[in-house]
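Novice: A structural model of the following input is requested.
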Amino acid sequence: MVGLRWVCLAACLMALVGAGCERPSSHRAQSGLGASPEKLEFGLSAVGVTRAMKVRLSNRGRAPFTVHGATANLPNVAVEPFEAFELKAGGEREVEVRFTADVEGKVQGVLEVLTDADNAGKEGVAKLGVEGQGVKAWVEVPVRSIDFGNVELGHVEMREIVVRNPTRVESPVRLDFDGADADEFASSEAGVPFVLRPGEERRLPLSFNPQRLGAAQAQLRVRVECSSCEPIVVTLSGTGIATLLEVTPLRVDFGRVALGATAEERVTVRNLGSEPMAYGGVKLLDNVSNAFRVAGAPSVSGGVLAPGAVVEVRLAFTPTTVGPVREARLELDVRPLGTTKPGPKVALRGEGGNSCVVLQPEPLDFGVVAEGMSATRDVQVINRCRTDVLLSEQKLTTKKGGYFLLATAPSSLPIPAGQSVSVPITFMPRAGVGGGEAELAVKILNGTSTSTEVVKVLGSGKVFTPCQYKLEPETVEFGNVPVGSEVTLGVAVRNVGSSECFVAGMQLAGGSDDAFKADKLGNKVLLPGQRTRLLVRFKPGSEGEFSGMAEGWVNHPTAGHFVVPLHGQGVQGCFSVQPTNLDFGTTRLTCGPRERELIVYNKCPGPTTLVGLGLEGDATDFKVTHGFLFPAVLAANSESRVKVTYEPQSDGDDAAALRFDLGTGTPYTVGLVGKGVLKNEQTDEFIQQAQAKVDVLFVVDNSGSMMDEQQNLGSNFSAFLSHAAAAGVDYHIAATTTGLERSSGGWAVCPGGAEGGENGRFFPVDGSSPRIITPTTSAAASVFARNTNVGVCHWNEQGLEAMYRALSSPLVFDADDPRTPQPLDGNAGFLREDAKLAVIAVTDEEDFSPQPVSSYETFLLGLKGGDRSKVIFSAITGPSDLSVCPRASSSGSRYIQLAQATGGVVESICTPNWAASLERLSESAFGPNRSFPLSDTPSDTSRIVVRVDGVEVTTGWVYDPGTHSVIFAADKAPTPGAHVEITYPVGC
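Specialist: Numbering: from 1, shown residues only. Next comes the predicted model:
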């Protein structure tokens, strides 16, 4: 039996060798592709918004297999590209699939996975179901206009707007402000998208902080973040008033005044009310140049400006240096009796020079001009005086080389205040001379004085070989353009030779119809292959044909003057394409394509046939995507969408014409323009500001569990002032409580005269201690200890609302709260316009204020004109993880949220070292600015370069991706007045 067994074994071995050592297929290990989920159900998706899912591919067999790729049969489903990969037994790999609903409705299809897994069949394709439904995302805004009414300068008025999502999908929403007075309106929710869940309603805070007297208007745009969604526009209005005080003017511009001369202006102050006002005189602020002075300011009897009384202040400006001087302000100490509300401030500006008439450019440089040709450029004579002047004569003197000529005869020209006139000059190079120089002198008569202004004129000649050029195109056909619409097309000159070309004076030729417009181009030297382009705009004002010509000059002996015919037709009809101009703006070559959309309207009562669609001009830079199968029949009253992509291939301007051919012989035209640039880095510049003044408000919890914390806070005042003392800061420090209503009584009574219900009033309300601490306050540490020992009688902590009431009317500027019987319990004198504001909450409990945190953020920003560098909120509160702070009643999540939104500091109420915590708060409140936000997103943070006063700084700072800011270490912050430059590669 043993011998027979060996014979069988040998036979098997021989069989295996002869068969290539293969196992029988019935015994070969199998591979099996598994997928989780087995069907991709995207569910409801907002139109225009991309959703992503990941499918996990796995090997459920014992043999390896390869996944070569994956694709979907739906146009709006895309698979994140990946390289082919192998899955061994038990292996897994995730693949991302994205679904973008283009239209409303349900879509179904399959995801095909290309693989050699055994269960994929002979075709090597495994199929997974894909399903999604597009739902229109939109929001409701019930109120479309909000009037904040009359608001005094320096005050902040708050409103709310309600935004609802009535749909079944999440709606990404963004708020933006637009309009001439947009800087006076704000919301903490603006600028950054947020998501409204299905059915969710959100109340968003709005603020109006008038910066100027008079009516203000802006638009709030509530936009769903999708390409086809139109924003909802809410009109915002309000009026900035200065109570009953009239000050005219609020801005004094002395214009340009000769060095050593003195100009005077007057400011009038008038009490229009029926009550007297306190008058404390005037003083100059920020007069760094010492060029401004008060020439006359009358005193007022008793320091009171009676009803109807008028004060006239004379101001003088004597510049000592050439150029604009730093702006100063005149502060008028006029205010209602019994308040410390800041008086109005008048801005003062002026410029030193030979006169208030400016010649630009300086110098006038023609650059290179081909010998045998001429070029003409203008000198602008600008009147920056307060009155009209007379240009009495012009004289052009050639100093060397070339011919410089006045293109028009000299004459006397009046120049109204704020306007200008042109003096055209022609330059013709002299053969073999090269560079040329001349001087233009003009006489200016200003009242009884006369001055002479001079500008240098430069140019150089060069011998060019005859230019070999090509016009692109040789005729510009605008086709059919709807009346009132505008199309922009280009006229280009390309150097097709092997030597340089000189191109001059590309412009619209005289006699062209008014429907054509173009900005004249300056001279340009074209290297071989380069081109220059004149952009021509066609906007027909009526039906009919229009014609014109573009012209220019090149260095060519017989074809030196070229002309390009222009033709277009204004039409009115039921077919149109909008917009008729697509301007893609500036695009970096490394950033990929930009996409815009056109809508083709057939508003005709019957069908219209679109024969074809074509691109002319820079066709390689633009790509058109559409769903037409030509000839395409457009149904009556239908709309179709066409996508245009711009991806510049090289640096420079690009232009193309997109033609819609209806078979009538004249197409409808859409102009496409864009500009490619090679720029790939950005430099942001900052001037470090000194924190000379800081107002600090402590909001202290006066509930029953806060006794030890109040004592710890009061006994560590010197630690809090550590950075203020080092920096010489002029500070105001005050405290209020989290209590709004009087305590209902019980086991404890709070001191200070308000029984725990300060309601925003500074503690102590009864004035038993100085309520505002300054650098001159005697025994300040003891005062602070008394003012933060607010008692433990309350139970309803509303710290954010207390902060709001402390810093708003009627408390903020009034010495007395008119709503209470206590005398002199207002907060006047604390808040200063030019000071940084720091608020510090100290509490072991959550905030129960009535408004959302974003409302209080908007309010704080509104106090400082939206300048985030001047507002900071910090907190000593219960941390998010209460296990490390058992003494806290709850987490102060709302305080933490506001601190994070304003860049503040959060310390635990269980801090074992109050001195160290208060030192960190001190550094935040009083220290120099350490955070510098970037205007763009760096594409590579390792290549950020920071320079301070021109010297590169390689350590002591970090980049914070959350805020896109460069943040310096506490001991490395730039000193006041330092020039900070941050250069970084830009992303796309």
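Novice: hey, where'd the strands end up in the stretch 851-988 of the chain?
Specialist: 871-877, 906-908, 931-933, 945-948, 951-953, 957-960, 965-968, 979-985 (DSSP state E, counting those that start in this stretch).
Novice: among those strands, which is the most enclosed?
Specialist: strand 871-877 (a mean of 26; mean count of other Cβ atoms under 10 Å). From N, CA and C alone the C-beta is placed, and that goes for glycine too.
Novice: Direction included, what does that strand pair up with?
Specialist: Strand 871-877 sits in its sheet next to strand 836-842 (parallel), strand 906-908 (parallel), going by DSSP bridges.
Novice: Now render those as a markdown table, adding distance to Ala632 and mean pLDDT.
Specialist: Output for the strands paired with strand 871-877, formatted as a markdown table (distance: least, Cβ to Cβ, whole Å; pLDDT from 0 to 100):
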| stretch | distance to Ala632 | mean pLDDT |
| --- | --- | --- |
| strand 836-842 | 63 | 93 |
| strand 906-908 | 62 | 91 |
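Novice: Return the most buried member of these.
Specialist: Scoring the strands paired with strand 871-877 by mean count of other Cβ under 10 Å, the most buried comes out as strand 836-842, with a mean of 26.
Novice: Pull the distance from that strand to the chain's centre.
Specialist: Its chain's C-alpha centre and that of strand 836-842 lie 27 Å apart, by Cα atoms, centre = their mean, to the nearest Å.
Novice: wait, Thr777 sits on Arg771?
Specialist: No - taking contacts as Cβ atoms under 8 Å, Thr777 lies outside contact range of Arg771: 10.4 Å.
Novice: Neighbour count for those two, which is higher?
Specialist: More neighbours surround Arg771 than the other of Thr777 and Arg771, with 25 against 16 (other Cβ atoms under 10 Å).
Novice: Can you list phi and psi of the more buried one for me?
Specialist: Main-chain dihedrals, Arg771, degrees, to the nearest 10: phi -90, psi -20.
Novice: lowest-confidence helix or strand of this structure?
Specialist: The helix or strand of the chain with the poorest confidence is helix 2-18; it has a mean of 39 (mean pLDDT, DSSP states H and E).
Novice: Counting by contacts, list what the lengthiest strand in the chain packs against.
Specialist: When the chain is scanned for its longest strand (criterion: DSSP state E), the result is strand 449-462. Packed against strand 449-462 by the contact rule (3 or more Cβ pairs under 8 Å, 6 or more residues apart in numbering; DSSP states H and E) you find strand 357-360, strand 364-370, strand 375-383, strand 420-428, strand 435-446.
Novice: Check which residues of that strand are buried.
Specialist: Within strand 449-462, the residues scored as buried using 16 or more other Cβ atoms under 10 Å are 451, 453, 455, 457-461.
Novice: next one: stretch 522-538
Specialist: Within stretch 522-538, the residues that count as buried by 16+ other Cβ under 10 Å are 523-526, 531-538.
Novice: Could you export these as CSV, including secondary structure?
Specialist: What follows is these, written out as CSV (DSSP: H, G, I helix; E, B strand; the rest coil):
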residue, secondary structure
Asn523, coil
Lys524, strand
Val525, strand
Leu526, strand
Arg531, strand
Thr532, strand
Arg533, strand
Leu534, strand
Leu535, strand
Val536, strand
Arg537, strand
Phe538, strand
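Novice: Of the strands of the stretch 851-988 of the chain, give the one that comes closest to Val143.
Specialist: Val143 lies closest to strand 871-877 among the strands of the stretch 851-988 of the chain, at 27.6 Å (Cβ to Cβ).
Novice: Quick one: distance of the closest one to the chain centre.
Specialist: The answer for strand 871-877 is 26 Å, by Cα atoms, centre = their mean.
Novice: hmm, who's touching that strand?
Specialist: 709, 713, 836-844, 857, 860-861, 863-864, 888, 891-892, 895-896, 898-899, 901-909, 911, 917, 921, 924-925 (Cβ atoms under 8 Å, 6 or more residues apart in numbering).
Novice: switch the cut-off to 6 Å
Specialist: 837-843, 860-861, 864, 892, 895, 898-899, 902, 904-907, 909, 921, 924 (Cβ atoms under 6 Å, 6 or more residues apart in numbering).
Novice: same thing with stretch 398-406?
Specialist: In contact with stretch 398-406 (Cβ under 6 Å, 6+ apart) are residues 396, 426-430, 433, 435-438, 457, 459.
Novice: For PyMOL, write a command that selects the buried ones of those residues.
Specialist: Buried subset of these, written as a PyMOL selection, criterion 16+ other Cβ under 10 Å:
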select buried, resi 396+426+427+428+429+436+437+438+457+459
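Novice: for the contacts of stretch 398-406, which one is nearest Asp513?
Specialist: Thr426 (27.5 Å).
Novice: Show me where the stretch 601-750 of the chain has its strands.
Specialist: 608-610, 612-617, 622-625, 632-634, 638-646, 652-661, 668-677, 681-687, 693-700, 730-737.
Novice: the strands in the stretch 151-300 of the chain, which residues?
Specialist: With DSSP E, counting those that start in this stretch as the criterion, the stretch 151-300 of the chain has strands at 157-164, 171-178, 185-186, 194-196, 201-208, 214-224, 232-241, 245-248, 251-258, 263-271, 277-285, 292-296.
Novice: Leaving out chain neighbours, which residue sits closest to Glu437?
Specialist: Lys399 (4.4 Å; Cβ to Cβ, 6 or more residues apart in numbering).
Novice: and the one you found, what pLDDT?
Specialist: At Lys399, the pLDDT value in this model is 83.
Novice: Neighbouring strands of the helix or strand where it lies in the sheet, and parallel or not?
Specialist: Per DSSP states H and E: Lys399 is located in strand 389-400. Strand pairing for strand 389-400, determined by DSSP bridges: strand 413-415 (antiparallel), strand 435-446 (antiparallel).
Novice: Kindly compare burial across the ones you listed and name the winner.
Specialist: Greatest average neighbour count among these goes to strand 435-446 (a mean of 19), per mean count of other Cβ under 10 Å.
Novice: what does that one contact?
Specialist: With contact meaning Cβ under 6 Å, 6+ apart, strand 435-446 is reached by 355, 357, 379, 385, 389-402, 404, 451-460.
Novice: how close does the residue nearest to Glu437 sit to Pro363?
Specialist: Using Cβ to Cβ, to the nearest Å, we find Lys399 at a distance of 12 Å from Pro363.
Novice: ok, back up a step: format the helices and strands packed on strand 449-462 as JSON lines; extra columns: mean pLDDT and distance to Asp102.
Specialist: Rendered in JSON lines, the data for those read as follows (pLDDT from 0 to 100; distance: least, Cβ to Cβ, whole Å):
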{"stretch": "strand 357-360", "mean pLDDT": "80", "distance to Asp102": "52"}
{"stretch": "strand 364-370", "mean pLDDT": "85", "distance to Asp102": "51"}
{"stretch": "strand 375-383", "mean pLDDT": "84", "distance to Asp102": "51"}
{"stretch": "strand 420-428", "mean pLDDT": "88", "distance to Asp102": "52"}
{"stretch": "strand 435-446", "mean pLDDT": "84", "distance to Asp102": "61"}
